[in-house]
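In: Here is the input, now give the coordinates:
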Amino acid sequence: MIRIALLTTLTALCCAAPLAHAQDLDAQRPLVRDALQAAERGQLSPLQNPTLDNSPVRGWIEFAQLKYAIDTVGNAQAQDFLKRYANQPVATAFRSAWLPALARRKDWNALLANWQPTDNTGLRCARLQALWVQGKGDAAWTKDAQDLWRAAAKPLPDGCDPVFAALTAEGQLSDALRWERIDAAAAAGQTAVMRAAANGLSSGDRSQAIAYAGFLDAPATQGLGWDKSDRSRQMASDGLELLARKDPDTAERLLPQYTQSLGLTAEQQGQVRYQIALWTVASYLPDSARRLAAVPDGAFDERLHEWQAREALSRGDWASALKAIREMPPTQRGDARWEWFEARMLDKTGQPGQARTLYAEAAKTATFHGFMAADKLGQPYALCAREPQDTPQAEAAVARDPALIRAMELWKLDRATWATAEWNDALSRFNDDQRRIAVEVARDNGWFDRAVFSLGKKPDELQLYSLRFPLHHDASIRREATKNAIDPAWVAAEIRAESIFNPNARSPANAMGLMQVLPGTGAGVAQRNGIAYAGAPSLYDSDTNIAIGTAYLRELLNKYGTPYVTIAAYNAGPTPTARWQSQRPGFDPDVWIETISYKETREYVARVLAFSVIYDWRLNKDALSLSDRMNGRLDGKRKSFVCTGAQGVAN
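Out: Just a heads-up that it's a prediction; the model follows:
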C-alpha cells in the first residue's frame, strides 16, 4: 500500500522547512483543524501555532483567514499571497473571492491587473465593467459583452447589469440581440429572462414578447391569434412542449388547434408529440401506447425507444416489447440490458433458440443483466479483474506530488471541496498510469470515491475492481448482516451505492453517513432495535450507521418480502413502492424492476444487485446466484467467476 510516509523528502509550500513525516502529520492534524476553524472566524493569531508553518495546507489556512476579511484585504497582502501560492488551487480560490471584493470597492486597476480568464460569469462581467469605467470599451469589449448576453438563457448576476446598460447606451444591444436572448430563454423555459430581455424593445415588440412569456407560463388558447411567423410557431411549440410535461392531455388537445392556426411544421408537431408521449408513458397512463404510436419515427430517440419497450412490458405485451426493442438503434439494442430483454421476449414468444444466442452475448458482461443471463444459461459469471503492477519508483513519484499531498491532508480534515480542487490540479498533470496510482493513494487514505470519479477513461480501468469496489468496515458489515440475517454483500453494495464508503457523506435531503440514513429514520430504527443513538451526529459513526442501516434493511425486508422490492423502497420510499406493487403485482422481478417509473430507482435497484454479486466475490471469492439473491434465498446456489473477455462491467 502507498503511504503518505513517502512525503519525507518534500519541503513545505511556504518555506524551506522539511515536511513532517506521516505520523507527524497525524499528530499535527488537530492543530491544523483548530487553526482552520479559527481562521474562518477571523481569530487566528500569526503566532498561534508556529509549527503550522510547514503544514502542507498552510496556504489554505491563510486563505481561510483572508477570506474572512476579504473586503479589507489590501493589494500588497493579496499580491504576496498570490505570488507565494502561484499556480496552486488555493491561489485560484483566493482570486475568485478577492476579485468580486475589488469590484464592490470599485478598485478597477487592481481587478484588471489580477484578472485571469474564467468561466465565472460574474467575474467576466466585473472585468467588462472595469474596462468600461476606464474608457476601454473598444470593439473587442463590445463583442465580449454581446457574447455574454447572447449566451445567457438563464438569469445573469446583478453585477452584469452595468455592462448591459453600457452596451445599451452605446446602441450595441440591438432588437435582434434582444430577440436572440428571448428565443434562447423561451427554449429553456426561462420566462423571467424573456421579460427582462424585452425591456428596451419597442412598445409593440415588447408586448408581443411579454405575451409569449405569458403563454409559456400558462399555455392555453391565447396564442391562437398570433401572426403566422416562424417565431410565433416556435413559441407555440416551446409552450406546448412545456405543457406536455405537466398536462399531456391538454397539450394533445391544443396541438391541432395551434397547428391549424399558426401552421406548426411537421418537426414541431413531432417534438410536441414526443413530450406528450414521454410524459404519458412515464406514468403508464392509459393512452401511452396510442400516443407513442403518434410520434413520428424521426422524433424518436433512445429515451423514447426505452419507454416504448417498458410500456409494452408493463402490459405484458411481449410481442410489442420485442418489436420496440428491435426498433432501437444498434448500439442501444446491443447493450446487455436490451440483449437480456430481447432474449426474454423471444423466450416468451416461443423462440428459445434465438433467445439463447442473446443470453450468451449478455452473459459476457459483469452487469445486472449479464449476471441474470449467466444464471439463465447455467454458466459462471464473467468477471475479468485486473490488479496494476507498478514499480515502487512510479508509486513514490506520484505520492510525492505536492498537490496530491495537500489533497489527502485536506480530505482528512473534512475539507472535501478544497481537497477536490487539489486532486483535480494533480490529475491535470498526470498520465493514465499516474492517475491510477493517485487513486491508489486516495484509497489508502480512505478517500474511496476517487476510483469511481477518476477511473474509466480507458476501458480496462473498469476492471480494477479492488479500487472501484472498496471494502472497508468489513467486520462491522459481517457482524450486523449476521445479526439481521441479511447477506453482507448486500450491505456492502448499499454502502457503495449510497456513499462510496464515505462516513461523512450527507445528501441534500439530510441523509447521513455510510448508508445515508435520515436522522428521523435513524432514531426510530435505533429505538426499535436497541441500538445506542445519541442524535443525528451518531450517524457519522461508521459502526452506528452500519448497525442502523442494516437493521432498517431488515425491517423493510420484513415488510416487502423480497430484496429487489426492498432496495426500491430504500431508495424511493414507501409511497411510490406501494404504487409500483399495486400497478404490477405478480410480475417477474426483472420486468418489475425495469418498469419502475423513476429512472433513479430503476437504475439503483439494478446497480445494488449487481454490486452485491461483486462484493460477494470480494468477500468470499464466489457468489450467491443473482436469481436467488434478489428473491432472498440466501441458501441458494453459489456461482464461480471466470474471465472470458467481459465486454462491460457494473458501474
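
In: Strands along the protein, start to end?
Out: Taking DSSP state E as the criterion, the chain contains strands spanning 381-382, 623-624, 638-639, 641-642.

In: and the last one, what other elements does it pack with?
Out: Spelled out, it's strand 641-642. strand 381-382 (3 or more Cβ pairs under 8 Å, 6 or more residues apart in numbering; DSSP states H and E). In short, each C-beta sits where N, CA and C put it, glycine included.

In: The strand it packs on pairs with which strands?
Out: Each strand pairing with strand 381-382, determined using DSSP bridges, is listed with its direction: strand 641-642 (parallel).

In: In terms of secondary structure, what does the longest helix along the chain contact?
Out: Longest among the helix segments of the chain by residue count, using DSSP state H, is helix 599-620. Secondary structure elements in contact with helix 599-620, counted by 3+ Cβ pairs under 8 Å, 6+ apart, are helix 368-377, helix 465-468, helix 488-498, helix 563-572, helix 589-594, strand 623-624, helix 626-629.

In: Report the angle between it and helix 488-498.
Out: Between the direction of helix 599-620 and that of helix 488-498, the angle (axes from the mean of the first three to the mean of the last three Cα atoms, to 10 degrees) works out to 130 degrees.

In: that older thread, Serialize the strands of the chain to TSV and add fields for mean neighbour count and mean pLDDT.
Out: Compiled in TSV, those are given as follows (neighbours: other Cβ atoms under 10 Å; pLDDT from 0 to 100):
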stretch	mean neighbour count	mean pLDDT
strand 381-382	25	96
strand 623-624	24	97
strand 638-639	18	96
strand 641-642	16	96
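
In: what about these, which gets the closest to Leu112?
Out: Between Leu112 and these, the tightest spacing by Cβ to Cβ is seen for strand 381-382, at 59.3 Å.

In: Check what contacts the closest one and list those residues.
Out: Contact with strand 381-382 is made by 363-366, 370-371, 374, 613, 617, 623, 639-646, as judged by Cβ atoms under 8 Å, 6 or more residues apart in numbering.

In: ok, now with 7 Å
Out: The contact list for strand 381-382, computed with Cβ atoms under 7 Å, 6 or more residues apart in numbering, reads 363-366, 370-371, 374, 613, 623, 639, 641-642, 644, 646.

In: just stretch 149-166 next, same as before
Out: Stretch 149-166 is touched from outside by 103, 121-122, 125-126, 128-129, 132, 137, 145, 148, 173, 177, 180-181, 184-185, 187-188, 190, 192-193, with contacts defined as Cβ under 7 Å, 6+ apart.

In: Report the buried members of those residues.
Out: Buried residues within these, counting neighbours by 16 or more other Cβ atoms under 10 Å: 103, 121-122, 125-126, 128-129, 132, 137, 145, 148, 173, 177, 180-181, 184-185, 190, 193.

In: Now, those residues that are in helices?
Out: Judged by DSSP H, the subset of the buried ones among the contacts of stretch 149-166 located in helices is 103, 121-122, 125-126, 128-129, 132, 145, 148, 177, 180-181, 184-185, 193.

In: from these, which single one is nearest Gly530?
Out: Minimum separation from Gly530 among these (Cβ to Cβ) is found for Gly122, which lies at 52.7 Å.

In: show me what contacts that closest one?
Out: When the contact criterion is Cβ under 7 Å, 6+ apart, the partners of Gly122 are Pro100, Pro157, Gly159.

In: One more: Gln129?
Out: Residues in contact with Gln129, defined by Cβ under 7 Å, 6+ apart, are Ala103, Pro162, Val163.

In: Likewise for Ala139?
Out: Ala139 makes no contacts at all, as judged by Cβ under 7 Å, 6+ apart.
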